[in-house]
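[1] Okay, predicted coordinates and the sequence, questions at the end:
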Amino acid sequence: MKYEAKFNKSIRKQFLLIFFLVLAGTILFCVLLNETLLGKYYVFNKKTVLLSAYHSLNTAADEGNIESDEFKIEVQRISGIYNISMLIINFDSEVIVSSEHESDMLAFELQKYIFNPFSKEPPDVQIIEDETSYRIQNSFDERTGINYLEMWGFLDNGNPFLIRTAMEGIQDSVKISNRFLIGIGLLAILVGSVVVWIVTATITKPILQLAGLSRRMADLEFDVRYEGTERNEIGILGEDMNRLSDKLESTISDLKTANNELQKDIEKKERIDEMRTEFLSNVSHELKTPIALIMGYAEGLKMGVNDEEDREFYCDVIADEADKMNVMVKRLLSLNQLEFGNELVRMERFDITELIRNYLQSASILIGQEEADVEFDCDGPVYVWGDEFKVEEVVMNYLTNALHYVKGEPGKIRIDVTYIDKKARVSVFNTGDPIPEESMPHLWEKFYKVDKARTREYGGSGIGLSIVKAIMESMHQGYGAINHEDGVEFWFELETET
């Protein structure tokens, strides 16, 4: 949820606002309908009830059972169900059927309507429907102060009738209905808002996760992944963003590789002639000593050394020097390829700590032979950009160099990975004698040896650090060496961001 605060209007708030407006609008609309239509609907419903009772009376009159006990019971039932009063009189003003105890009062009202239809003047009476055999009107009873919806007239058999029902304060009913509707609406808004706020969290949570993922992708962190399990549009978007992340990482890797090759091509032409001359000069210089040794011991054999032990020693020296020449030539060819830019530098993103651990495991026998104590402790992965194969060769040269020069009982070698200005620095430190200051600027030159006697002892050619230099410069990254009181540290850097 950490990105929610950065939005001016969050989706959750918009959902809540929409819910509030829709529900409040619905309640207001219902209140307006109540005010304008409920009264009319109430009158219409009452009018329908009167017409239904009228038809029942007419049917009974036509069948001739209007004075039967069964019909009188039916009249009472209809009156109770619909809350209406019914009266039928004969031509002598005698009550035939009545649903009221005060039938005389109803009969008196009916006689007034029959003999004087306009006995009440507006606004005491309002005619709603006036037909040949009946009239429906809204009438006010001054005696009781009640409004009635009345229907009076003559049945098909000629008997006068009066049906009426009280209009129970429709305006009060509307007000009560509106107050109830508003109260229920406010409760619904409160409860609904809480529900919407909770439910929208399930919708906005994956959206916020996608927003965070897109921000990290904008910062070129392509190891992030959307891990939602939704089977809807959000889930599809998350899967597409994962594919986009993979594609962008691959594309940037290709672009960095192409850019690196372009920089190399610009410099390549100017360096070729100089490097060719330097290479031939260095090879001639370095091969001079082993060739002289081979020629000297071969001359000794040719002169016929009689002692078998001496002959065997001469042959061993020749084979050893030839082997050193072979290794040196191979490494020179590899260095020559790097310096001429004939080897493709494949820029890719990988975990440098995993590379170091894997190499230490493969070099465990060599470490054991030197009886060195190697320390490497780095928490978590550290992703860098570079040519993974060539970076491993740099690590190999640094570790081999440290094993050859380590001192102490036991000698200690420490490998560290630290962050410096958006780059990862890998350093290899070994206890032992520091490098003379005058030798520091020449460490990376081909065939340069600080201690020629000791280098000769373990078979070093002075090319290893030159290979390190060529590899790191091919990736346009820094490298170097630092003297400490108790030893020497060699380091190199790789980019952690694009």
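    Received the coordinates, thanks.

[2] Which stretches in the chain count as strands?
    For the chain, strands defined by DSSP state E occupy the ranges 85-89, 95-98, 125-130, 134-141, 146-154, 160-166, 348-351, 372-376, 383-386, 411-419, 423-431, 479-484, 487-495.

[3] quick one: which of those is nearest residue 467?
    For residue 467, the closest of these is strand 479-484, at 11.2 Å, according to CB to CB. All C-beta spots, glycine's among them, are computed from the backbone N, C-alpha and C.

[4] What are the neighbouring residues in contact with residue 396?
    Residue 396 makes contact with 359, 363, according to CB atoms under 8 Å, 6 or more residues apart in numbering.

[5] got the strands of the chain as JSON lines, with distance to residue 448 columns?
    Output for these, formatted as JSON lines (distance: least, CB to CB, whole Å):
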{"stretch": "strand 85-89", "distance to residue 448": "126"}
{"stretch": "strand 95-98", "distance to residue 448": "133"}
{"stretch": "strand 125-130", "distance to residue 448": "119"}
{"stretch": "strand 134-141", "distance to residue 448": "120"}
{"stretch": "strand 146-154", "distance to residue 448": "119"}
{"stretch": "strand 160-166", "distance to residue 448": "119"}
{"stretch": "strand 348-351", "distance to residue 448": "31"}
{"stretch": "strand 372-376", "distance to residue 448": "24"}
{"stretch": "strand 383-386", "distance to residue 448": "25"}
{"stretch": "strand 411-419", "distance to residue 448": "22"}
{"stretch": "strand 423-431", "distance to residue 448": "19"}
{"stretch": "strand 479-484", "distance to residue 448": "12"}
{"stretch": "strand 487-495", "distance to residue 448": "15"}
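
[6] What ranges does the stretch 201-350 of the chain have for its helices?
    233-302, 308-340 (DSSP state H, counting those that start in this stretch).

[7] could you point out where the stretch 351-498 of the chain is predicted with low confidence?
    Where the stretch 351-498 of the chain drops to pLDDT under 70, the residues are 450-461, 498.

[8] Helices of that one, start to end?
    Counting by DSSP H, counting those that start in this stretch, one finds helices in the stretch 351-498 of the chain at the ranges 352-362, 364-370, 388-405, 452-458, 464-474.

[9] I'd like those as CSV, with distance to residue 59 appended.
    As requested, those are exported to CSV (distance: least, CB to CB, whole Å):
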stretch, distance to residue 59
helix 352-362, 98
helix 364-370, 111
helix 388-405, 101
helix 452-458, 127
helix 464-474, 110
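
[10] Could you say which one of those helices comes nearest to residue 315?
    Smallest distance to residue 315 across the helices of the stretch 351-498 of the chain (CB to CB): 19.6 Å, for helix 452-458.

[11] State the phi and psi torsions of residue 64.
    Recorded main-chain torsions at residue 64 are phi 80, psi 20, according to degrees, to the nearest 10.

[12] picking that back up, now the strands of the chain in a markdown table, with mean neighbour count?
    What follows is the strands of the chain, written out as a markdown table (neighbours: other CB atoms under 10 Å):
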| stretch | mean neighbour count |
| --- | --- |
| strand 85-89 | 23 |
| strand 95-98 | 19 |
| strand 125-130 | 14 |
| strand 134-141 | 18 |
| strand 146-154 | 20 |
| strand 160-166 | 22 |
| strand 348-351 | 17 |
| strand 372-376 | 16 |
| strand 383-386 | 23 |
| strand 411-419 | 18 |
| strand 423-431 | 22 |
| strand 479-484 | 16 |
| strand 487-495 | 21 |
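
[13] how far away is the closest residue in space to residue 155 that isn't next to it in sequence from residue 490?
    With CB to CB, 6 or more residues apart in numbering as the criterion, residue 155 has its nearest non-adjacent residue at 4.7 Å, and that residue is residue 61. Remark: distance between residue 61 and residue 490 (CB to CB, to the nearest Å) = 122 Å.

[14] Kindly report the same for residue 99.
    Distance from residue 99 to residue 490, counting by CB to CB: 115 Å.

[15] try residue 167
    In terms of CB to CB, residue 167 sits 104 Å off from residue 490.

[16] Please name the nearest non-neighbouring residue to residue 434.
    residue 483 (4.1 Å).

[17] give the contact list for the one you found.
    Residue 483 is in contact with 434, 435, 437, 440, 489, counting by CB under 8 Å, 6+ apart.

[18] and what of residue 257?
    Counting by CB under 8 Å, 6+ apart, residue 257 has contacts 344, 345, 346, 347.

[19] From the residues you listed, list just the buried residues.
    Buried residues within the contacts of residue 257, counting neighbours by 16 or more other CB atoms under 10 Å: 345, 346, 347.

[20] Quick check: the spatially closest residue to the last one that is not a sequence neighbour vs residue 108, distance?
    What sits nearest to residue 347 in space, not counting adjacent residues and going by CB to CB, 6+ apart, is residue 256, at 4.2 Å. For residue 256, the distance to residue 108 equals 108 Å [CB to CB].

[21] So between those two, which is more surrounded?
    Shown here are residue 256 and residue 108; by other CB atoms under 10 Å, residue 256 has more neighbours (20 against 11).

[22] Hmm, residue 387 and the more buried one touching each other?
    No: with contact defined as CB atoms under 8 Å, residue 256 and residue 387 do not form a contacting pair (10.6 Å).

[23] count of residues packed around residue 400?
    If you count neighbours by other CB under 10 Å, residue 400 ends up with 17.

[24] From what I see, it and residue 463 are in contact.
    No: contact criterion CB under 8 Å: residue 400 and residue 463 do not qualify, at 11.7 Å.

[25] per-residue confidence for the residue lying farthest from the centre of the chain?
    Ranking residues of the chain by C-alpha distance from their mean position (CA atoms, centre = their mean) puts residue 92 at the top, at 90.3 Å. If you check residue 92, the pLDDT there is 75.
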